[in-house]
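**Q** pasting a predicted model and its sequence here:
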Amino acid sequence: MYNAKLILENGAAYEGIGYGAEENASGELVFNTSVTGYQEVITDPSYFGQIVIFTNPHIGNTGISNLDYEATTILNSGIITREVPSKPSSWRSSTDLQEFLKKNNKPAIAGLDTRNLTNIIRDNGSIFGAIVPEEIDNEVAIKLCLETKKKSFKYKNTNSLKSNYLTTNSKLLKIVIYGLGCKQGIINALKEKNCELFVLDTKDIIKGIKTINPDCIILSNGPGDPCDYKEEIEIIKTIIKYDIPVLGICLGHQLLAIAHNAEIEKLKYGHHGTNHPVLDIKNKKVFITSQNHNYTVSYNNIPKNCEITHTSLFDGTIQGIEFKKKLQYGFQGHPEGSPGPTDIDLFTQFLKLTTNKDQLNKNNIVCL
């Protein structure tokens, strides 16, 4: 451990205890309200380039498990916790959080009032910050924040898993996943459905669809501003012309909407946590979901062929969409609930629609 500080782009400075790697790190600050699942959060490609503030004071208690990775490495820039992680106590733990951070060359800072930082973001909106050792000049840290703010956080290595991922389960359905930063949890959830899976990146996706002739296509989660994904949006415009069911998840949901000429807007501080209630508009059911996004589909200029199916009970933002006569759906949350709740079994419902697509009356909207 070492003396460290958090410097915000507005010059505010907070002294704390550094742990993990003694490195500089900068990124957009986001707060996560999850009580458990910190390992899944820091290895989730959706957090690529961000600094995560954990509002729960007990982070690191259960160590790091070989079973809980969403990607093979830490993908966010750094973390902020109330306390320095204690020695883990779990039979599943293979190492502790501090060692895991060191191994991945990622810094962390403790000893800060994480709930106060959360209130600052809630009051003022998105803000960038830098975690640095105490000897780094504050002006240098501020410059680092501002330089990072100009960058695109599109996940360059679009797939955190293997470029082609084929299950060994029974071949009931062929599914192509467009990997924009796909979580392992999504793969695990679909493996349980006995599907044959192919995870393809941008350079392989169109050729792969033509070769594989899948029963459906899933547009995966991923990080950053969806408007930065210009090449991917053009590819999705091609995909939605095929007579193949499509499900967009999180970033994939937003890109699907853009491909249909919908608009996107940035939220004041985003949704990050595992306790987000979502309303299914048609059947009035409420689901608790896992969320991580800073952008949302806007209510402005909703395409005529788009039906809003789900909304957030926190702020009323759009959480689900469906395109009439298309068997194309988008859902903002993470339906596999990793980490967190498993209230909404979106994959089962989508695959059921996919299996019965020839029997469906496409003039009727089928709510997921």
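**A** Noted; the coordinates are in hand.

**Q** got the phi/psi numbers for the residue nearest to residue 290 when sequence neighbours are not counted?
**A** In this structure, residue 290 finds its nearest non-sequential neighbour in residue 340, 4.0 Å apart by CB to CB, 6 or more residues apart in numbering. For every residue, glycine as well, the C-beta is placed using N, CA and C. Dihedral angles phi and psi of residue 340 (degrees, to the nearest 10) take the values phi 110, psi -140.

**Q** spatially central residue in this protein, please.
**A** residue 46 (3.3 Å; CA atoms, centre = their mean).

**Q** so it, which state does it fall into?
**A** Classification of residue 46 by DSSP: H, G, I helix; E, B strand; the rest coil places it in helix.

**Q** what do you get for residue 237?
**A** helix.

**Q** what sits against the closest residue to it other than its chain neighbours?
**A** What sits nearest to residue 237 in space, not counting adjacent residues and going by CB to CB, 6+ apart, is residue 259, at 4.7 Å. Applying CB atoms under 8 Å, 6 or more residues apart in numbering, one finds that residue 259 lies in contact with 233, 236, 237, 239, 240.

**Q** rewinding a little: can you get me a residue count around the residue nearest to residue 290?
**A** Residue 340 has 24 neighbouring residues, counting by other CB atoms under 10 Å.

**Q** surely residue 46 touches residue 252?
**A** No. Using CB atoms under 8 Å, residue 46 makes no contact with residue 252, being 10.9 Å away.

**Q** excluding chain neighbours, what is closest to the residue nearest to the centre of the chain?
**A** residue 292 (4.6 Å).

**Q** how far away is that neighbour from residue 45?
**A** Per CB to CB, to the nearest Å, residue 292 is found 10 Å from residue 45.

**Q** list residues touching both of those two?
**A** Listed as contacting both residue 292 and residue 45 by CB under 8 Å, 6+ apart are residue 221.

**Q** which SSE is residue 142 in?
**A** helix 138-149 (DSSP states H and E).

**Q** can you tell me the average pLDDT over that helix?
**A** Averaged across helix 138-149, the pLDDT comes to 95.

**Q** repeat that for stretch 193-202.
**A** 88.

**Q** same check, this time on stretch 90-108
**A** The average pLDDT within stretch 90-108 is 95.

**Q** in that stretch, what's buried?
**A** Buried residues in stretch 90-108, counted by 16 or more other CB atoms under 10 Å: 93, 96, 97, 98, 99, 100, 101, 102, 106, 107, 108.

**Q** the last one pairs with what?
**A** Going by DSSP bridges, residue 108 is paired in beta bridges with residue 19, residue 79.

**Q** for residue 274, which non-adjacent residue is spatially closest?
**A** In this structure, residue 274 finds its nearest non-sequential neighbour in residue 340, 2.8 Å apart by CB to CB, 6+ apart.

**Q** these two touch, right, that neighbour and residue 34?
**A** Yes. The pair residue 340 / residue 34 is scored as a contact, 6.4 Å apart, by CB under 8 Å.

**Q** okay, and the common contacts of the two?
**A** Each of 273, 274, 275, 290 lies in contact with both residue 340 and residue 34 under the rule CB under 8 Å, 6+ apart.

**Q** which of those residues has the largest number of neighbours?
**A** Within those, neighbour counts (other CB under 10 Å) peak at residue 290, which reaches 29 neighbours.

**Q** and that one, which helix or strand is it part of?
**A** In the assignment (DSSP H and E), residue 290 maps to strand 286-297.

**Q** following element in sequence after that strand, please.
**A** The first helix or strand that comes after strand 286-297 along the chain, using DSSP H and E, is strand 306-312.

**Q** packing partners of that next one?
**A** Counting contacts by 3 or more CB pairs under 8 Å, 6 or more residues apart in numbering; DSSP states H and E, strand 306-312 is packed against strand 264-280, strand 318-323.

**Q** just so I know, which of those lies nearest residue 244?
**A** In terms of CB to CB, the element of the helices and strands packed on strand 306-312 nearest to residue 244 is strand 318-323, at 12.9 Å.

**Q** so what's the residue count around residue 288?
**A** Counted with other CB under 10 Å, the neighbours of residue 288 add up to 17.

**Q** show me what contacts it?
**A** Contact analysis of residue 288 by CB under 8 Å, 6+ apart lists 274, 275, 276, 277, 278, 340, 341, 343.

**Q** residues contacting the last one?
**A** By CB under 8 Å, 6+ apart, the residues touching residue 343 are 287, 288, 289, 337.

**Q** ok, so of those, who is nearest residue 20?
**A** The closest of those, once distances to residue 20 are taken by CB to CB, is residue 337, at 27.4 Å.

**Q** next, that closest one: phi, psi?
**A** Main-chain torsions, residue 337, degrees, to the nearest 10: phi 60, psi 40.

**Q** verify the stated contact: residue 78 with residue 108.
**A** Yes. Using CB under 8 Å, residue 78 makes contact with residue 108 at a distance of 5.9 Å.

**Q** intersection of neighbour lists for those two?
**A** Jointly contacting residue 78 and residue 108 under the rule CB under 8 Å, 6+ apart are 20, 131.
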